[in-house]
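Q: what would the 3D arrangement of this be:
(4 chains)
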Protein chains: 2
Amino acid sequence: MSTATAHPWHDDSLSSGPPVKSVDRALTVLDILAREGEASLSQMARELGVHKSTVGRLVETLVRHDLVDAPNGSGGYRLGVGCLRLAGATAARRDVSLEAQPVCDELSAVIGETTNVAITREGVAINVCQSEAHSTVAMRNWIGQHTALHATANGKVLLAHLPEEDRAALLDTGLTPFTEHTLTCPAALSEELHRIRTRGWAFAVEEFEEGLNAVAAPVFDHSGNVVAGISVAGPSYRLPPDRLPEVRAPVLRAANALSLRLGHVGHVRD
Amino acid sequence: MSTATAHPWHDDSLSSGPPVKSVDRALTVLDILAREGEASLSQMARELGVHKSTVGRLVETLVRHDLVDAPNGSGGYRLGVGCLRLAGATAARRDVSLEAQPVCDELSAVIGETTNVAITREGVAINVCQSEAHSTVAMRNWIGQHTALHATANGKVLLAHLPEEDRAALLDTGLTPFTEHTLTCPAALSEELHRIRTRGWAFAVEEFEEGLNAVAAPVFDHSGNVVAGISVAGPSYRLPPDRLPEVRAPVLRAANALSLRLGHVGHVRD
DNA sequence: GTTATCGTCGCGCATTGCGCAACCTATTGT
DNA sequence: ACAATAGGTTGCGCAATGCGCGACGATAAC
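A: Below you'll find the model as predicted:
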């Protein structure tokens, strides 16, 4: 294509002009390396549709900032430790309550039911974020509300990942029944929590309120701890028990998306 | 500096020219954000010594690649989730044995004693990396050597962070005494391991060889697991028990540095 | 030997990124 | 209420700057 031929920007799906072309290309190099793991200059040049030497200069600049590792001996260029430094600085400042809203919105849009994100403090679950589906009948607003850990999907997720001793202590303090389906037997609940841990998600069928069902999944932070739960809840007539498995995947995806925003690297699981 | 004033590049400590100026500036923006956590356009413009609009365009490009989050409502620009994505891709390809050498070298240079990095496989510690101090008397070469987990500083660190059941199994198989200081009582060792976990580092005084002392600390990978231990070891006459605490900080720093290279974000602890 | 792949170096053109200044919008202070 | 400060956005015109090009050196494959 050489100088000013044909299509201005065919690669990036973004419509309006590229603010700074060389920077855009450099960042695309990072994307390529993230995807490929390793690449040679010529390879990247081909993919970007630019000349070798151009990419050469770009990656040299990236190398100076440690974002790319120059090929040690054989092999191609790779992402460097600078990326990890940046991520450290990013993760340190991230907070569930700030990141949750868009993920919540997305999830409720997909499923068409109300979604919540909850954290746990001093033995109770606290809802920090909620998104209503477009639907007509607005559910109650749960934000800020404290709920018991043993009777909701989100609560059970949080409870399941509490430190051993805290969990044991809570099981012993007595499990208030809210409906006839609430798990009030410590042993049964303990088994259920184990299943939740190994399975990776939880559901609750009319355990907190008659006619209210929910599905929840754990949210991890950058160091792999469970810091929140994200859930979808709806009335039994719209979200009957047999429909619960089908919302599993979207909920897990949302949980992963939120985890990612908090710095929980990798571990995509379908 | 406006148009072509005075000195070409006095600011960058790097001698030769800047390969691609705009990219270099953009990456510096990332560095600034990593350091400050949050910054406004004008602020960055001041620090870079360029015009607001210039930084504006650079940042816009960064935002398109999700490396920077535009100010939601109030506050300044921050690093974005793209950094975390990059780090994920980086961390996935990193390996202890490849990253350990420079850290080992640095540590042994600082302390003036031999340093080792060890991992654990099937109940034993395996040294994967070693660096000798400039010192005259070369110690034995430990690389590749298999050692017991319960009798060295590195081994105890690794043992302390093994999964509960593996650890228990190893304690039961009998603890070979190597010297009269070797911990051979399972209960005592178990207590020691607990101390190591809470304290964050370990030492061994003539537990494996008479006249050989060591200090070790755990190395974490991107998902927070302990994947290695790094240690400093030396003869008792140069590294007597009362000097051990003073090498604690350098060893911890080295462990952190290595952890960082493996993608373990944040958690700087002195 | 030849051939292919990969990275580096200088050169010269014009593309492209930059500084500037005006403008717009909060937010703050009196 | 109004001024004043700070942050961000837009358009323009100049030339600095980044780019393509082709040649060269190195290494490896065959």
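Q: from here on, contacts and neighbour counts on C-alpha atoms
A: Will do.
Q: which residues does the longest helix along chain A contact?
A: Scanning chain A for the longest helix, with DSSP state H as the assignment, gives helix A:244-261. Helix A:244-261 has contacts (Cα atoms under 8 Å, 6 or more residues apart in numbering or on different chains) with A:94, A:99-100, A:103-104, A:107, A:110-111, A:201, A:203, A:214-222, A:229-232, A:266, A:268, A:270, B:81, B:84-85.
Q: let's go with 6 Å and repeat that
A: A:217, A:219, A:220, A:221, B:81 (Cα atoms under 6 Å, 6 or more residues apart in numbering or on different chains).
Q: tell me which of those is nearest to DNA strand C?
A: The nearest member of those to DNA strand C, counting by Cα to the nearest atom of the strand, is residue B:81 at 23.4 Å.
Q: closest one to DNA strand D out of the contacts of helix A:244-261, please.
A: Closest to DNA strand D, out of all of the contacts of helix A:244-261 and judged by Cα to the nearest atom of the strand, is residue B:81, at 18.4 Å.
Q: how far away from the center of its chain is the longest helix of chain A?
A: The chain centre lies 7 Å from the centre of helix A:244-261; the measure is Cα atoms, centre = their mean, to the nearest Å.
Q: check which residues of that helix are buried.
A: A:244, A:247-248, A:250-261 (16 or more other Cα atoms under 10 Å in any protein chain shown).
Q: turn the contacts of helix A:244-261 into TSV, columns for pLDDT.
A: Shown next, in TSV, are the contacts of helix A:244-261 (pLDDT from 0 to 100):
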residue	pLDDT
A:217	96
A:219	93
A:220	90
A:221	83
B:81	83
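Q: related to what we said a few turns ago, between the buried residues of helix A:244-261, which is nearest DNA strand D?
A: Using Cα to the nearest atom of the strand, those come closest to DNA strand D at residue A:261, 21.5 Å.
Q: state the distance from that closest one to residue A:169.
A: 32 Å (Cα to Cα, to the nearest Å).
Q: where does the residue in the stretch 51-200 of chain A that DNA strand C sits nearest to sit, in terms of helix or strand?
A: Per Cα to the nearest atom of the strand, residue A:53 is where the stretch 51-200 of chain A lies closest to DNA strand C, at 4.5 Å. Assigned by DSSP states H and E, residue A:53 belongs to helix A:52-64.
Q: just residue A:66 next, same as before
A: Per DSSP H and E: residue A:66 is located in neither a helix nor a strand.
Q: spatially nearest residue to it, not counting backbone neighbours?
A: residue A:82 (4.7 Å; Cα to Cα, 6 or more residues apart in numbering or on different chains).
Q: number of residues surrounding that neighbour?
A: Residue A:82: 24 surrounding residues under other Cα atoms under 10 Å in any protein chain shown.
Q: okay, now residue A:106: neighbour count?
A: 16.
Q: would you confirm that residue A:119 contacts residue A:230?
A: No - between residue A:119 and residue A:230 there is no contact under Cα atoms under 6 Å: 9.1 Å.
Q: so which of the two has more stuff around it?
A: Legend: neighbour count by other Cα under 10 Å for residue A:119 and residue A:230, higher for residue A:230 (32 against 22).
Q: distance of that one relative to chain B?
A: Noted for residue A:230: a distance of 19 Å to chain B, by Cα to the nearest Cα, to the nearest Å.
Q: cool, residue A:67 as well?
A: Separation of residue A:67 from chain B (Cα to the nearest Cα): 9 Å.
Q: burial of residue A:58, as a residue count?
A: The burial count for residue A:58: 23, using other Cα under 10 Å.
Q: in contact with it, which residues?
A: residue A:26.
Q: buried sites along stretch A:105-113?
A: For stretch A:105-113, the neighbour count (16+ other Cα under 10 Å) marks A:105, A:106, A:107, A:108, A:109, A:111, A:112, A:113 as buried.
Q: repeat for stretch A:149-163
A: Neighbour-count burial for stretch A:149-163 flags A:149-162 (criterion: 16+ other Cα under 10 Å).
Q: give me the subset of the residues you listed that lies in helices.
A: Using DSSP H, those in helices are A:153, A:154, A:155, A:156, A:157, A:158, A:159, A:160.
Q: would you mind giving the residues you listed as TSV with pLDDT added?
A: What follows is those, written out as TSV (pLDDT from 0 to 100):
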residue	pLDDT
A:153	95
A:154	95
A:155	94
A:156	95
A:157	95
A:158	95
A:159	95
A:160	94
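Q: residues in the stretch 1-150 of chain A within reach of DNA strand C, list them.
A: When proximity is defined by Cα under 7 Å from any atom of the strand, the stretch 1-150 of chain A lies next to DNA strand C at A:3-4, A:18-23, A:40-43, A:52-53, A:56, A:76-77.
Q: neighbours around residue A:31, how many?
A: Per other Cα under 10 Å, the neighbour tally for residue A:31 reads 18.
Q: which one of the buried residues of stretch A:149-163 is nearest chain B?
A: residue A:161 (15.9 Å; Cα to the nearest Cα).
Q: next, give phi and psi for that closest one.
A: Phi and psi for residue A:161, reported as degrees, to the nearest 10, are phi -110, psi 10.
Q: okay, and which of the buried residues of stretch A:105-113 map to helices?
A: Those of these lying in helices (DSSP H): A:105, A:106, A:107, A:108, A:109, A:111.
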